[in-house]
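Undergrad: turn this into a model:
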Amino acid sequence: MTTRDALTVEDVAALLNVSRSGIYALIKNGDIGSYKVGRKIRFTDAHVRDYINRSGREPRRPERNGSPALDENKYFDLSMGRHGGEGFIICGQDLILDILSNFMRMHGVMALRAYIGSYDSLVSLYHDRVSVATAHLWDSSSDDYNVSHVRTLLPGIRCTIANITYRTQGLYVAKGNPKNIRSWRDFARKDIRMINREKGAGSRVLLDENLKLLNLYGSQVAGYDDENQSHLAVASAVGRGEADVAVGTEKIARQVENIDFVPMKKERYDLVVKTERVDTPEIKTMFEILRSSKFQNEFKSIGGYDISDIGKIIHET
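TA: Next up, the predicted model:
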């Protein structure tokens, strides 16, 4: 992704109708996500939409002089029924998918994005509401990711599961980890309050599977029913002292002040397509991009990703 394909500080300031210094303050406080290309700060549509959803702020509408605006043609909220079956839609909430969709648009495929979690992503693929699902759903019985869930949520449908990256999942805790939170069992302590991800998110499934192994119920965990739909939001809540712990990826921990990260598990993040569509021009283009050195070079300066198996077929159901 070149710098023209990402939102700059100036773009986001114009969208939110605030000053440049206001944007830097939002970054410092962990209120809006961002990433760096070298020393330059960049944002994705997902970062801005997450901030808008949490703050209630309306984005500035496009003006005739070309002021920046979020491209409504690049995003669909499936829960609102905005997708009628047309378009090439990629599900998932990771930056890597935003960059992938940008590359696909540069290759003539009008790739759209739906920012939903792993479980809902697979269900949407089953109902043909999306073209590509992504998932990081751990199965404690097999100690494997995604395969059993794909079989369960897409019964009788042949699917191709390919890796897109490996990430480290762990615990967001306050700086210095003053409450010494080190294990899943600590979630049941009376002096610990968590903030959770929404049902169906990969981080939520990882927590639930580990609580099950410990014979613990969510009702025994303070804050279990307090939910938010992004890694950034739960990490920021811990950073502000509103919760003691949350589950998420290491990459986000690097973006939020006043938190530390306790690594727990290396996860496999996969994309899933229906096998009968693997030879379509859109899917073939997607795999060509994933396997290209140009695309993979985008992640050498970002960190938090292990793309050693990117584009590799993991399993066919």
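
Undergrad: can you give me the helices for the stretch 51-200 of the chain?
TA: Applying DSSP state H, counting those that start in this stretch to the stretch 51-200 of the chain gives helices spanning 95-106, 118-126, 147-153.

Undergrad: the stretch 201-317 of the chain too?
TA: With DSSP H, counting those that start in this stretch, the ranges of helices along the stretch 201-317 of the chain come out as 202-213, 231-239, 250-253, 281-290, 293-296.

Undergrad: ranking those helices by burial, who's on top?
TA: Mean neighbour count (mean count of other C-beta atoms under 10 Å) peaks for helix 231-239 among the helices of the stretch 201-317 of the chain, with a mean of 25. Every residue, glycine included, has its C-beta placed from N, CA and C.

Undergrad: residues making contact with that one?
TA: Contact partners of helix 231-239, identified using C-beta atoms under 8 Å, 6 or more residues apart in numbering, comprise 29-33, 47, 50, 54, 93, 172-174, 195-197, 203, 228, 243-249, 252-253, 255-259.

Undergrad: how about 7 Å then?
TA: With contacts defined as C-beta atoms under 7 Å, 6 or more residues apart in numbering, helix 231-239 is touched by 30-31, 33, 50, 54, 172-174, 195, 197, 228, 243, 245-246, 248-249, 252-253, 256-259.

Undergrad: I would like a PyMOL command selecting only the buried ones among those, please.
TA: Command for PyMOL that selects the buried part of the contacts of helix 231-239, burial taken from 16 or more other C-beta atoms under 10 Å:
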select buried, resi 30+31+33+50+54+172+173+174+195+197+228+243+245+246+248+249+252+253+256+259
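
Undergrad: next step: the contacts of helix 231-239 restricted to strands.
TA: The strands, defined by DSSP state E, take in Tyr172, Val173, Ala174, Arg197, Asn228, Val245, Ala246, Gly248, Thr249, Ile259 from those.

Undergrad: measure the residue nearest to Leu206 when sequence neighbours are not counted to Leu232 for me?
TA: Spatial nearest neighbour of Leu206, chain neighbours left out: Trp138 (5.1 Å); criterion: C-beta to C-beta, 6 or more residues apart in numbering. Distance of Trp138 to Leu232, given as C-beta to C-beta, to the nearest Å: 21 Å.

Undergrad: could I get the pLDDT score of Glu298?
TA: Looking at Glu298, its pLDDT is 85.

Undergrad: again, but for the one 4 residues further on
TA: At Ile302, the model reports a pLDDT of 75.

Undergrad: swap in the one 5 residues further on?
TA: With respect to pLDDT, Ile307 scores 92.

Undergrad: does it touch Gln296 like I think?
TA: Yes: the pair Ile307 and Gln296 passes the contact test of C-beta atoms under 7 Å, sitting 5.8 Å apart.

Undergrad: sorry, back to before: any chance of the helices of the stretch 201-317 of the chain in CSV, with distance to Leu153 too?
TA: What follows is the helices of the stretch 201-317 of the chain, written out as CSV (distance: least, C-beta to C-beta, whole Å):
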stretch, distance to Leu153
helix 202-213, 12
helix 231-239, 22
helix 250-253, 26
helix 281-290, 20
helix 293-296, 28
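
Undergrad: looking at these, which is nearest to Tyr115?
TA: Proximity to Tyr115 (C-beta to C-beta) singles out helix 231-239 among the helices of the stretch 201-317 of the chain, at 11.8 Å.

Undergrad: kindly export that closest one (C-alpha atoms) in PDB.
TA: Taking Å, rounded to 0.1, in the frame of the first residue of the first chain, the C-alpha atoms of helix 231-239 are listed here in PDB:
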ATOM      1  CA  HIS A 231      -9.000  -4.800  20.000                       C
ATOM      2  CA  LEU A 232      -8.200  -1.000  20.100                       C
ATOM      3  CA  ALA A 233     -11.200  -0.200  22.200                       C
ATOM      4  CA  VAL A 234     -10.600  -2.900  24.900                       C
ATOM      5  CA  ALA A 235      -6.900  -2.100  25.100                       C
ATOM      6  CA  SER A 236      -7.700   1.600  25.500                       C
ATOM      7  CA  ALA A 237     -10.100   0.800  28.300                       C
ATOM      8  CA  VAL A 238      -7.400  -1.000  30.200                       C
ATOM      9  CA  GLY A 239      -5.000   1.900  29.500                       C
END
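
Undergrad: centre of the chain to it, how far?
TA: 14 Å (C-alpha atoms, centre = their mean, to the nearest Å).

Undergrad: quick one: average confidence on it?
TA: For helix 231-239, mean pLDDT is 88.

Undergrad: kindly report the same for stretch 281-289.
TA: The average pLDDT within stretch 281-289 is 96.

Undergrad: if I look at the closest residue to Ser142 other than its chain neighbours, what pLDDT would I see?
TA: Excluding the flanking residues, the one nearest Ser142 by C-beta to C-beta, 6+ apart is Ser148, at 6.1 Å. Ser148 is assigned 95 on the pLDDT scale.
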